[in-house]
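Q: What would the 3D arrangement of this be:
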Amino acid sequence: MNITSVVYREDWFFRVSPAEGAGSGFIIKPTGEILTNNHVVSGTAELTVTLADKKVYKAKILGTGPAQRPWR
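A: Numbers count the residues shown, from 1 in each chain. A predicted model of the protein is given here:
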């Protein structure tokens, strides 16, 4: 599955424009809950999920967690 995120960014002239990002994830529950990395959804205004059969769904963030860096 693909996860597409939209973040609104301000440029040097204080204009706000959308920037699109993408990532992947896994369906972890039959109810449609998805697990992905925090950086895929961090700061997003809109999320959509596209499945292998090309069906597209709007998504919302249920929770996030900070990055874990075990080497620190």
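
Q: Going by C-alpha atoms from here, please, whenever you check contacts or count neighbours.
A: Will do.

Q: The one helix or strand residue 5 maps to: partners in the sheet, and parallel or antiparallel?
A: Following DSSP states H and E, one finds residue 5 within strand 2-10. Counting by DSSP bridges, the strands paired with strand 2-10 are strand 16-27 (antiparallel), strand 46-50 (antiparallel).

Q: How is residue 40 assigned, secondary-structure-wise?
A: Secondary structure assignment for residue 40 (DSSP: H, G, I helix; E, B strand; the rest coil): helix.

Q: Check the residue nearest the centre of the chain and give its pLDDT.
A: In the chain, the residue lying closest to the centroid (C-alpha atoms, centre = their mean) is residue 41, at 3.2 Å. Looking at residue 41, its pLDDT reads 84.

Q: who's in contact with it?
A: Going by C-alpha atoms under 8 Å, 6 or more residues apart in numbering, residue 41 touches 5, 47, 61.

Q: Kindly report the same for residue 57.
A: Under the criterion of C-alpha under 8 Å, 6+ apart, the neighbours of residue 57 are 48, 49, 50.

Q: Could you check how far the last one is from residue 64?
A: In this case it means residue 50. Applying C-alpha to C-alpha, to the nearest Å, the value for residue 50 to residue 64 is 20 Å.

Q: now do the first one
A: According to C-alpha to C-alpha, residue 48 stands 17 Å off from residue 64.

Q: Which one of these two is surrounded by more residues?
A: Neighbours were counted for residue 48 and for residue 64 using other C-alpha atoms under 10 Å; residue 48 has more, 16 against 13.
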